[in-house]
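S.K.: A predicted structure for the sequence below; I have some questions about it.
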Amino acid sequence: MSALGELGSLRGKKPAGQKKDNLAGYLFLAPWLLGLFLITIGPMVASLYLSFTDYNLIQAPQWIGLENFTRMLSDERLHNSLRVTFTYVFVSVPLQLAIALLLAVVLDRGVRGMAFYRSVFYLPSLLGSSVAIAILWRQVFGTTGLLNQVLDVFGIEGKGWISDPSTALGTLVVLNVWTFGSPMVIFLAGLRQIPTMYYEAASVDGAGVLRRFFSITLPLLTPILFFNLVLQIIHAFQSFTQAFVVSGGSGGPSDSTMFFTLYLYDRGFGNFDMGYASAMAWFLLVIIGVFTAANFFASKYWVFYDD
């Protein structure tokens, strides 16, 4: 064998130690890979198949093609759930991000005990999607809840905020806005990365607080704002626990809090129409994908990077 052939054969062979390291790496990755294929990819592929079938969880699924998707065109309750969900997303997400940014700017000014305030403000983000907080929300906005008791002190007659179709969705919007802690912490980290020399130069030029915010802070913070916007839109579209617990799983008065996810759950586990529910799940995935792609496309017009 020539010298070049021997060199090629040596390059093709891996040392025994490297093989052991690779094996150890795959062993450490095995739990994640099992979860990826068995808990994520496997159920996704199964739901995609079920979306083209008539399946009631008891009998074997029967292939019906695109019938589940065409049913959505005439499903008035689904259309209402889309209106409720879009209203919830378009109202709660901007309000949540605005409050998170405002408080982040305030805390960035060097408030005493900032670590304490940061922890207190972040706490609702950890608990906002829990059943306990949703039950607490019912106690606050119920007919005899805390809000009405406070209004009664001032001689104002309250009402059942959750049982009234005109205000039921608003209570869920307030609940989502209340969980501003997570984007606030991310905004605060982004503010800490803005060089102070920009503010010093602006102060020398006589720029006021608002001018510095809109000319320096906001443009340099747009990548963080874009990141929070995408995450919070996805999270808002997936909201389920709050609406399920606050409305008692019924969608609220006149379906005023019937989120798309709640209606999906009702079709799949309430009416045992799992084929239709699977089609709805993939439709929701398409909606989230369209909004995410639209945000990425629009970001090149308003998101500014250092380069």
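M.R.: Thanks, I have the structure now. Residues are numbered from 1 along each chain as shown.
S.K.: what comes into contact with stretch 76-95?
M.R.: By Cβ atoms under 8 Å, 6 or more residues apart in numbering, the surrounding residues in contact with stretch 76-95 are 72, 169, 172-173, 176-177, 229, 232-233, 236-237, 239, 251, 255-263, 280. (Each C-beta comes from the backbone N, C-alpha and C, glycine too.)
S.K.: brain fart, stretch 44-54
M.R.: Residues outside stretch 44-54 that contact it (Cβ under 8 Å, 6+ apart) are 61-69, 274-275, 278-279, 281-282.
S.K.: what's the distance between that stretch and the middle of its chain?
M.R.: Here stretch 44-54 is found 24 Å from its chain centre; the criterion is Cα atoms, centre = their mean, to the nearest Å.
S.K.: May I see the buried residues of that stretch?
M.R.: Neighbour-count burial for stretch 44-54 flags 47, 50-54 (criterion: 16 or more other Cβ atoms under 10 Å).
S.K.: Give me the subset of those residues lying in helices.
M.R.: Counting by DSSP state H, the part of those found in helices is 47, 50.
S.K.: want to throw the buried residues of stretch 44-54 into a markdown table with pLDDT?
M.R.: As requested, the buried residues of stretch 44-54 are arranged in a markdown table below (pLDDT from 0 to 100):
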| residue | pLDDT |
| --- | --- |
| Ser47 | 94 |
| Leu50 | 95 |
| Ser51 | 95 |
| Phe52 | 96 |
| Thr53 | 95 |
| Asp54 | 95 |
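S.K.: Torsion angles phi and psi at the residue sitting nearest the centre point of the chain?
M.R.: Geometric centre of the chain, nearest residue: His235, 1.1 Å, by Cα atoms, centre = their mean. Main-chain torsions, His235, degrees, to the nearest 10: phi -60, psi -40.
S.K.: So among the contacts of stretch 44-54, which ones count as buried?
M.R.: By neighbour count, with 16+ other Cβ under 10 Å, the contacts of stretch 44-54 hold 61, 64, 68, 274-275, 278-279, 281-282 as buried.
S.K.: Of the residues you listed, which pair is most distant in space?
M.R.: Greatest spatial distance in these: Ile64 and Ala281, 16.6 Å, computed using Cβ to Cβ.
S.K.: Flag every buried residue along the longest helix seen in the chain.
M.R.: Here the longest helix in the chain is taken by residue count, with DSSP H as the criterion, and it is helix 76-107. By 16+ other Cβ under 10 Å, the buried positions in helix 76-107 come out as 78, 80-82, 84-85, 88-89, 91-93, 96-97, 99-101, 103-105, 107.
S.K.: Averaged pLDDT, it. What do you get?
M.R.: Averaging pLDDT along helix 76-107 gives 94.
S.K.: ok, now stretch 265-277?
M.R.: For stretch 265-277, mean pLDDT is 93.
S.K.: before we move on, back to that, between the buried residues of stretch 44-54, which sits nearest Arg192?
M.R.: For those, the residue nearest Arg192 by Cβ to Cβ is Ser47; the value is 42.0 Å.
S.K.: What is the following helix or strand past the longest helix of the chain packed up against?
M.R.: Sequence-wise, the next helix or strand downstream of helix 76-107 (DSSP states H and E) is helix 114-127. Under the contact criterion of 3 or more Cβ pairs under 8 Å, 6 or more residues apart in numbering; DSSP states H and E, helix 114-127 touches helix 76-107, helix 181-192.
S.K.: mind giving me a markdown table with those helices and columns for distance to Tyr305?
M.R.: What follows is the helices and strands packed on helix 114-127, written out as a markdown table (distance: least, Cβ to Cβ, whole Å):
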| stretch | distance to Tyr305 |
| --- | --- |
| helix 76-107 | 19 |
| helix 181-192 | 12 |
